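Student: predicted coordinates and the sequence they were generated for:
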Amino acid sequence: MADPLNRIQKIASHLDPAKPRKFKVALLGAAGGIGQPLSMLLKMSPYVSDLALYDVANTPGVAADVSHMSTAARVRGYLGPDQLGAALAGAALVIIPAGVPRKPGMTRDDLFNINAGIVRGLAEGVARHCPGAWVAIISNPVNSTVPIAAEVLQKAGVLNPAKLFGVTTLDVVRAEAFVGELTGTDPRDVHVPVVGGHAGVTILPLLSQARPPLPAGMSAEARKALMGRIQDAGTEVVQAKAGAGSATLSMAYAAARFADSCLRAMAGEGPVAEYAYIRHPPRLGSGASAAVAADLPYFSSPVRLGRLGVEEVLPLGPLDAMEAENFAAMKAELLGSIQKGVEFAAKGPAPAPAK
Ligand SMILES: NC(=O)C1=CN([C@@H]2O[C@H](COP(=O)(O)OP(=O)(O)OC[C@H]3O[C@@H](n4cnc5c(N)ncnc54)[C@H](O)[C@@H]3O)[C@@H](O)[C@H]2O)C=CC1
Ligand SMILES: O=C([O-])CC(=O)C(=O)O
């Protein structure tokens with residue numbers, strides 16, 4: 001068990017009293033199924049000085065409601081494109097869950113036609129109003145929306161791949177929950193790397209690296225079924241909600257956890273270990289990550305976050321036969337989704353000017 005005094009000293013040695021420890025966070029899509037509970041969780045964060053809640057509908061009510069919580073973060077609501085600039089100005093972290101969710105029978109890619117344009121417009125706003133911010137994209141299909149945002153930021157000359165993330169934390173959270181249930185362990189003590197992308201076969205849980213390990217007697221079929229459950233967990237929720245949307249509460253939990261990692265890293269408490277869908281290489285990484293990058297320009301990877309964003313991309317570690325087979329199977333789909341996003345950003349109609 002870590003010595004708490006050592007931990008405090010380690011944190012203190014990273015802290016620079018001249019550097020800020022609280023930050024403005026802008027949440028775009030704040031009135032939605034994810035946005036509302038995430039607003040509440042962000043209002044509880046000790047790292048948030050200002051919480052800007054932006055949406056095209058209903059933000060005055062959400063902001064009024066959340067602002068009555070007796071925590072320190074100052075809350076303001078922003079409604080519609082005319083107020084996007086004010087919501088973003090000064091933001092250190094922008095979280096984007098804006099867009100439509102799936103209904104039963106749809107794939108995440110079926111959301112592309114609507115959500116691609118939404119993310120492009122909001123990324124334009126980031127480029128104009130807070131070009132140095134960290135940007136965390138939740139809107140699906142994440143495998144394509146992150147490349148779209150990257151292209152928009154690149155065109156504007158402000159892309160820093162170390163600060164652009166697709167949020168895949170929900171996949172990690174689910175793997176922790178399911179492995180915890182299976183092994184009778186508190187999920188907070190479970191560690192399962194989940195890499196790749198955020199749709200079906202592109203979600204690759206590395207169960208061979210699970211801690212605690214899966215039961216020794218677990219059959220290959222049972223391991224495959226567990227991998228399949230993690231990959232299809234989003235669909236499990238979509239079907240259970242039967243037309244009323246997709247995961248919102250577990251996603252808000254996952255996004256709050258990812259935001260906490262980003263803010264702790266910004267505050268100088270790094271290195272903070274995370275998984276996120278990033279453009280490779282955000283920095284010159286290890287040999288292993290460079291090898292991944294050669295084939296797949298975007299990949300959800302184990303990373304270490306510091307003040308400047310992704311400071312290190314860690315190797316994936318050894319894959320067993322089932323994982324290696326899945327890795328090979330994901331490549332074509334992931335590359336296709338990345339290409340679709342890049343082409344959309346390059347060829348699509350010019351976005352409406354962000355205000
Ligand atoms: N990355 C992940 O692991 C997950 C991603 N998602 C995705 O998150 C997205 C949001 O899901 P929900 O919150 O359930 O949907 P929702 O429909 O409940 O909320 C979306 C919100 O976005 C707002 N919005 C639409 N266009 C906008 C714009 N141009 N600017 C600002 N706000 C805008 C809507 O007014 C609405 O309040 C979906 O695309 C969903 O697929 C959902 C769960 C997990
Ligand atoms: O499945 C969906 O459409 C929403 C999502 O990304 C998830 O729950 O992982």
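Tutor: Good, I have the coordinates. Numbers count the residues shown, from 1 in each chain. Ligands and ions are numbered 1, 2, ... in the order given.

Student: and the strand or helix carrying residue 339, what's buried?
Tutor: Element membership of residue 339 [criterion: DSSP states H and E] is helix 321-347. By neighbour count on 16 or more other C-beta atoms under 10 Å, the buried set for helix 321-347 is 323, 326-327, 330, 333-334, 337-338, 340-342, 344-345. In this view, the C-beta of every residue, glycine as well, is placed from N, C-alpha and C.

Student: is ligand 1 contacted by that helix?
Tutor: No: if you take C-beta under 6 Å from any ligand atom as the test, helix 321-347 misses ligand 1, and the best it gets is 13.3 Å.

Student: what's that helix packed up against?
Tutor: Under the contact definition 3 or more C-beta pairs under 8 Å, 6 or more residues apart in numbering; DSSP states H and E, helix 321-347 sits against helix 112-129, helix 142-155, strand 194-196, strand 203-205, helix 220-231, strand 298-306.

Student: just checking, what packs against the helix or strand just after the last one?
Tutor: Right, the one you point to is strand 298-306. Next helix or strand after strand 298-306 toward the C-terminus (DSSP H and E): strand 309-313. Contact partners of strand 309-313 among helices and strands, from 3+ C-beta pairs under 8 Å, 6+ apart: strand 272-279, strand 298-306.

Student: repeat that for 10 Å
Tutor: Helices and strands touching strand 309-313, by 3 or more C-beta pairs under 10 Å, 6 or more residues apart in numbering; DSSP states H and E, are strand 164-166, helix 249-266, strand 272-279, helix 287-295, strand 298-306.

Student: now, of these, which is deepest in the fold?
Tutor: Most buried of these, by mean neighbour count (mean count of other C-beta atoms under 10 Å): strand 164-166, with a mean of 30.

Student: between the two ends of stretch 75-83, how far is it?
Tutor: 15 Å (C-alpha to C-alpha, to the nearest Å).

Student: quick one: buried residues of that stretch?
Tutor: Buried residues in stretch 75-83, defined by neighbour count with 16+ other C-beta under 10 Å: 75-79, 81, 83.

Student: any idea how far the residue of the stretch 201-350 of the chain found nearest ligand 1 is from residue 23?
Tutor: Of the residues in the stretch 201-350 of the chain, the one nearest ligand 1 is residue 251, at a distance of 4.0 Å by C-beta to the nearest ligand atom. As judged by C-beta to C-beta, to the nearest Å, residue 251 and residue 23 stand 22 Å apart.

Student: in CSV: the helices and strands packed on strand 309-313, plus mean pLDDT and distance to ligand 2.
Tutor: Shown next, in CSV, are the helices and strands packed on strand 309-313 (pLDDT from 0 to 100; distance: least, C-beta to the nearest ligand atom, whole Å):
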stretch, mean pLDDT, distance to ligand 2
strand 164-166, 98, 10
helix 249-266, 98, 6
strand 272-279, 98, 12
helix 287-295, 53, 22
strand 298-306, 96, 12
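
Student: didn't residue 97 look like it was pressed against residue 26?
Tutor: No: in this structure residue 97 lies outside contact range of residue 26 using C-beta atoms under 10 Å: 11.8 Å.

Student: which of those two has more neighbours?
Tutor: Set residue 97 next to residue 26 and count neighbours by other C-beta atoms under 10 Å: residue 26 wins out with 31 against 25.

Student: secondary structure class for the more buried one?
Tutor: strand (DSSP: H, G, I helix; E, B strand; the rest coil).

Student: how close does it get to residue 124?
Tutor: In terms of C-beta to C-beta, residue 26 sits 14 Å off from residue 124.

Student: which positions in the stretch 201-350 of the chain make contact with ligand 1?
Tutor: Counting by C-beta under 6 Å from any ligand atom, the residues of the stretch 201-350 of the chain near ligand 1 are 245-248, 251.

Student: which single residue in the chain comes nearest to ligand 1?
Tutor: Counting by C-beta to the nearest ligand atom, the chain gets nearest ligand 1 through residue 32, at 2.0 Å.

Student: residues in contact with that residue?
Tutor: By C-beta atoms under 10 Å, 6 or more residues apart in numbering, the contact set of residue 32 is 38-39, 55, 57-58, 62, 97-101, 138-139, 245, 248.

Student: with residue 132 instead?
Tutor: By C-beta under 10 Å, 6+ apart, the residues touching residue 132 are 91-92, 126, 158, 160, 163.

Student: switch to 8 Å and redo it
Tutor: Residue 132 sits next to 158, 160, 163 when contact means C-beta atoms under 8 Å, 6 or more residues apart in numbering.

Student: mind giving me the ChimeraX select for those, buried ones only?
Tutor: Typed into ChimeraX, the next command selects the buried ones out of the contacts of residue 132 (criterion: 16+ other C-beta under 10 Å):
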select :158,160,163
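
Student: return the member of the contacts of residue 132 nearest to ligand 2.
Tutor: Checking the contacts of residue 132 against ligand 2 with C-beta to the nearest ligand atom, the nearest one is residue 163 at 22.1 Å.

Student: show me which residues of the stretch 1-150 of the chain sit near ligand 1.
Tutor: Within the stretch 1-150 of the chain, the positions adjacent to ligand 1 are 28-29, 31-35, 55-57, 97-102, 111, 115, 118, 121-122, 138-140, 142 by C-beta under 6 Å from any ligand atom.

Student: just the pLDDT for the residue of the chain most remote from its centre.
Tutor: In the chain, the greatest distance from the average C-alpha position (C-alpha atoms, centre = their mean) is reached by residue 217, at 34.1 Å. pLDDT recorded at residue 217 is 94.

Student: alright, calling it a day.
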